[in-house]
Every structure is written in C-alpha cells, then in structure tokens.
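Engineer: structure, please.
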Amino acid sequence: MRDPVLPDSPRHDAIPHDPALADAALPDAAHVHEEGEAGPPVISEGEGPTLVTFGCRLNTYESEVMRTHARAAGLDDVVIVNTCAVTSEAERQARQTIRKLRRDRPAAKIIVTGCAAQVNPDRFAAMAEVDHVLGNDAKLTAAPWADFGANAAERVRVNDIMSVRETAGHLIQGMEGRARAFVQVQNGCDHRCTFCIIPFGRGNSRSVPMGEIVTQVRTLVAAGYREVVLTGVDVTSYGPDLPGQPTLGQMVRRLLAAVPELPRLRLSSLDAVEMDDDLWRLVAEEERLMPHLHLSLQAGDDMVLKRMKRRHLRQDAIAFCDKARSLRPDMVFGADIIAGFPTETEAMFQNSLDIVERCGLTWLHVFPYSPRPGTPAARMPQVPGPVRKERAARLRAAGAAQVERHLHGQLGRTCDVLLEKPDLGRTPGFAPVRLSAVDAAKNFEPGMIVRCRIDGVDGETLTATVLD
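Structural biologist: Next up, the predicted model:
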C-alpha cells in the first residue's frame, strides 16, 4: 500500500522526517491497510503548503496531487495532514500529530484528509486544532482547494465514497525529495477481508485508463525520474471496469512499450492468485521490470487465511514464489504477515513462520494483529496481546535471517544501483547499498543509476564501489 522494508513504528513526535529515505519505509497501498500498525508520517516542508503524509505509497502520490492544487490556490501557511485508517492506533497517531502541529504552527490552517478522515470525519471535525476535513475523493479535485484559498469552504466536505465510480488521472510533475516516483493506476477495493476497513475509506475498485498512466509516466521520465512504482489499493484487480477490460499485465506491457526511455519499473503489492499470463511473461522476459515482488500474504496457515477471507491459500503462495523464481532466478520477495490474528493457535502460527523460509521471503512487513472496530475480525476471539507481540518478534527474527542470507548472497556481484542520496541507493532487488567514501565524495545526484560492485555487508546494508 512501500518500498520495503517498513521499520517498527517509532514515536510520532520525531518530525520532520527525511523524505529522501522515506521510500524505504513506505508500504504499498495494496497492503498497508492489511497490516497492524502505521509508520511515521513523512513531513514535506517545501515551497508552499506543508504536507504530512501517513501510511502508504498511494497516499504519498495523492499528497503530491494535493500539493499541486494547494499551490495553484495560493495556499501557503497551510498544513495538509493526509491520514491513514489502517487501525485505531493509526488514527490516534494522526490526532497526536495534529495537536503537535497546532502547537508548532498556531497561525496555520490545518486541513485533515485521507482514509481516517473519510471513515471518521466527525471525530476530526470535533478537534479544535482542525480547520477543515476533506474526504478522499474531494481531496483530489481543484475546487475545494480554490474554496480554501478564498475562505469560502465548508468545514467538512466528505461524500459517500461508495458512490465514486471513476478514478481520474492526476498529472504530477514530480515527487519532492524522492528518487523514485509513484504512479496511481488503481484505487479502492471490492474485497472485504475481515480485518480491513480501507474499502470504506477508498471505495470500490476503479482503474486509471492506460492512456493517462502513459502520460503520467512520460511526464515523470522527462522530469528525470529513472524508476517508477505502480501503486494502488488492490493493483492486481486492475482493468475490469475499463473498456476492453485490460489486465494488469496488458497495461504494464503497453506502458513499457509506450515509454521505452523508462529504465526501471516496479510493481506494488500483488495477490498470488490474480497474476495474469501477460504479467508472468513480463516477469520472465522484461529486464526493466525489477526482480522484486511483494506478496499480500498475511498468513501462511489455511484456516487463518480463510478466517481473514483472503483469496489465496498457503499452496497458492508457495506456487507463486516457485514459478516466479523459476522464471527469474534473481527474484526477491517481500511479504506482509500479521502475527496473532484472532483464533490463531501456536500450530497455525508455525505455518506462517515456516512459509518465510519455504518461499524465501526476504523483505517482511510484520505486525502484531491490531483490531479495527467495525470489522468482523474485531469480534472474533482475540489472541492475548503479549502473545501477538512475541509471535511478531519471532517472525521478524526469521525475516532478519533471510535478509542476512540475501545480502551475503550479493557479495562480489555487479548491479545497477538507483541512488536515493549521494551515498545511498537500492539494488534492483531493493537491497540498500552504501557507496564507498571515495565514491560518496563524488556527489552523485539522487536519482542517478550507477553500476556498482558489491564489496561487503554492514548490518542490513550492502557496501559497494562504483565501476567506471
């Protein structure tokens, strides 16, 4: 919903946050709503409005759309808080941040939007610190921002998100402080997993037309971006609402053909049972499609998956990983796993723990289950909190072992590294790479792709030398 890896949630008073490194901490919208905790907000204080973005890549993309609208409306002393509704804790963190922002910016206008504002507008409207509450659909249109600029807007503008049937394209010129760009290709979700409230914040699934996606990617490549991440809430559901009902694979194939100057493309979180034939062919044949796939897995036990109302079973995930690795031996996998889902026994949990090694999962997003009021899972028999946390710790330890194995497997190899900072970048498989001191002194521009030899491992980061 990310690029991985998502760290444990730190305190939210640690702001501002460095957006240049935020790609590593952002989950995909396609799976962030299925995790148990929210990450720290990303604070962007460039020219014009201040953006405070919680949650997923889709929120990050939409924050750039709002920045464009707010600037056009002449809004300067404004703070836009783009919230996440992944859990009640995510909402609490947003409210805490809003109070701190008001203390720090007493004269600023604070506008709250995002999934939490869509799902629970009255609670944010009741906060004295908040000037306006804006729904997820309205936030992407120019009209409310023009009204804010003219001091003519109503305090709460939130519509019925389920009535939204289309996702219009929103052209952005870039993403401030980021080396890679996110492009929305889909929004909403037609599925009703028992732990998830996000369909009520995002609405039903709807796809962005292919022509608009191509135009957006061309614009970003022309602006200097060398890597684009396609994101959405349920990306593998792309297409059935569009003329001709293109699949995700067909859209990606046509996009790469239409924008041959794009060097690197990543996909956000995928559902193991919704991969179409075109997408599999791209995995096998298209070098510009990065060898890094993230699974919206959630559990490795069939009974838990059924109680979650997931669309896949354990064997589906195993077959997905085996097929992808047979087609692309350098494929690296990430996955979301919830520890301590209601009714999960130790034996059920062991199946989730075992699948980490069985599938060779490297970049894990692991969270103890956190109940979301209003969801069916919140009414199921709960696993005690300490047990959830202990199981999450065991999963993270398994993930750390997989990361160590992967990083040491890169020693001596050469690869193209996309730089996020002058001395720090990512491999095609999304491993973090730090350049040698000599190379760092060359002041490479973030966003450049440099050919590197992997020389060592320093904790969870590779070290490398740039090859001339």
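
Engineer: and the gap between residue 336 and residue 198?
Structural biologist: Applying C-beta to C-beta, to the nearest Å, the value for residue 336 to residue 198 is 13 Å. In this view, the C-beta of every residue, glycine as well, is placed from N, C-alpha and C.

Engineer: give the buried residues for the helix or strand harbouring residue 319.
Structural biologist: Element membership for residue 319, per DSSP states H and E: helix 314-327. Buried residues in helix 314-327, defined by neighbour count with 16 or more other C-beta atoms under 10 Å: 314, 316, 317, 320, 321, 323, 324, 325.

Engineer: and the next helix or strand past the one helix or strand residue 215 maps to?
Structural biologist: In this assignment (DSSP H and E), residue 215 forms part of helix 210-222. Later in the chain than helix 210-222, the nearest helix or strand by DSSP H and E is strand 227-231.

Engineer: who are the packing partners of that next one?
Structural biologist: helix 57-72, strand 181-184, helix 210-222, strand 264-267 (3 or more C-beta pairs under 8 Å, 6 or more residues apart in numbering; DSSP states H and E).

Engineer: as CSV, could you dump the C-alpha coordinates of the helix holding residue 215?
Structural biologist: Extracted C-alpha coordinates of helix 210-222, given in CSV (Å, rounded to 0.1, in the frame of the first residue of the first chain):
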residue,chain,number,x,y,z
MET,A,210,-4.0,3.3,-19.7
GLY,A,211,-3.5,6.5,-21.7
GLU,A,212,-3.5,8.6,-18.5
ILE,A,213,-0.9,6.3,-16.9
VAL,A,214,1.3,6.5,-20.0
THR,A,215,1.1,10.3,-20.0
GLN,A,216,2.0,10.5,-16.3
VAL,A,217,5.0,8.2,-16.7
ARG,A,218,6.2,10.1,-19.7
THR,A,219,6.0,13.3,-17.7
LEU,A,220,8.0,11.8,-14.8
VAL,A,221,10.7,10.4,-17.1
ALA,A,222,11.0,13.7,-18.8
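
Engineer: thinking again about what came up before, dump the buried residues of helix 314-327 into JSON lines; add pLDDT and distance to residue 331 as well.
Structural biologist: Shown next, in JSON lines, are the buried residues of helix 314-327 (pLDDT from 0 to 100; distance: C-beta to C-beta, whole Å):
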{"residue": "314", "pLDDT": "97", "distance to residue 331": "19"}
{"residue": "316", "pLDDT": "97", "distance to residue 331": "17"}
{"residue": "317", "pLDDT": "97", "distance to residue 331": "14"}
{"residue": "320", "pLDDT": "97", "distance to residue 331": "11"}
{"residue": "321", "pLDDT": "97", "distance to residue 331": "8"}
{"residue": "323", "pLDDT": "97", "distance to residue 331": "10"}
{"residue": "324", "pLDDT": "97", "distance to residue 331": "5"}
{"residue": "325", "pLDDT": "97", "distance to residue 331": "5"}
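
Engineer: make CSV out of the residues you listed and add distance to residue 203.
Structural biologist: Below are the buried residues of helix 314-327 laid out as CSV (distance: C-beta to C-beta, whole Å):
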residue, distance to residue 203
314, 31
316, 27
317, 28
320, 28
321, 31
323, 32
324, 31
325, 35
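
Engineer: wait, which of these is closest to residue 141?
Structural biologist: Nearest to residue 141 among the buried residues of helix 314-327: residue 320, at 37.7 Å, using C-beta to C-beta.

Engineer: distance of the closest one relative to residue 327?
Structural biologist: 11 Å.

Engineer: quick one: mean pLDDT for the longest helix along the chain?
Structural biologist: Longest among the helix segments of the chain by residue count, using DSSP state H, is helix 385-409. Mean pLDDT, helix 385-409: 97.

Engineer: before we move on, the earlier item: which of the helices and strands packed on strand 227-231 has the lowest average pLDDT?
Structural biologist: helix 57-72 (a mean of 85).

Engineer: got the CA coordinates for the next helix or strand after that one in CSV?
Structural biologist: Toward the C-terminus, helix 57-72 is succeeded by strand 78-83 as the next helix or strand (DSSP H and E). The C-alpha coordinates for strand 78-83 follow below in CSV (Å, rounded to 0.1, in the frame of the first residue of the first chain):
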residue,chain,number,x,y,z
VAL,A,78,-1.4,25.6,5.4
VAL,A,79,-0.7,22.2,6.8
ILE,A,80,-2.3,19.2,5.0
VAL,A,81,-2.5,16.0,7.1
ASN,A,82,-3.1,13.0,4.9
THR,A,83,-4.2,10.3,7.3
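
Engineer: so which bits of the helix holding residue 215 are buried?
Structural biologist: 210, 212, 213, 214, 216, 217, 219, 220, 221.

Engineer: thinking again about what came up before, now, which of the buried residues of helix 314-327 sits nearest residue 363?
Structural biologist: So of those, ranked by how close each gets to residue 363 (C-beta to C-beta), first place is residue 321, at 13.2 Å.

Engineer: which residues does the closest one contact?
Structural biologist: Counting by C-beta atoms under 8 Å, 6 or more residues apart in numbering, residue 321 makes contact with 295, 333, 359, 360, 361.

Engineer: just give me how far stretch 423-439 sits from the chain centre.
Structural biologist: 21 Å (C-alpha atoms, centre = their mean, to the nearest Å).

Engineer: hmm, residue 318 is touching residue 357, no?
Structural biologist: No. Counting by C-beta atoms under 8 Å, residue 357 is not a contact partner of residue 318; they are 11.4 Å apart.

Engineer: which of the residues in whatever helix or strand comes next after the longest helix of the chain are buried?
Structural biologist: The first helix or strand that comes after helix 385-409 along the chain, using DSSP H and E, is strand 414-421. For strand 414-421, the neighbour count (16+ other C-beta under 10 Å) marks 415, 417, 418, 419, 420, 421 as buried.

Engineer: any idea which helix or strand comes after strand 414-421?
Structural biologist: Assignment by DSSP H and E places the next element after strand 414-421 at strand 424-426.
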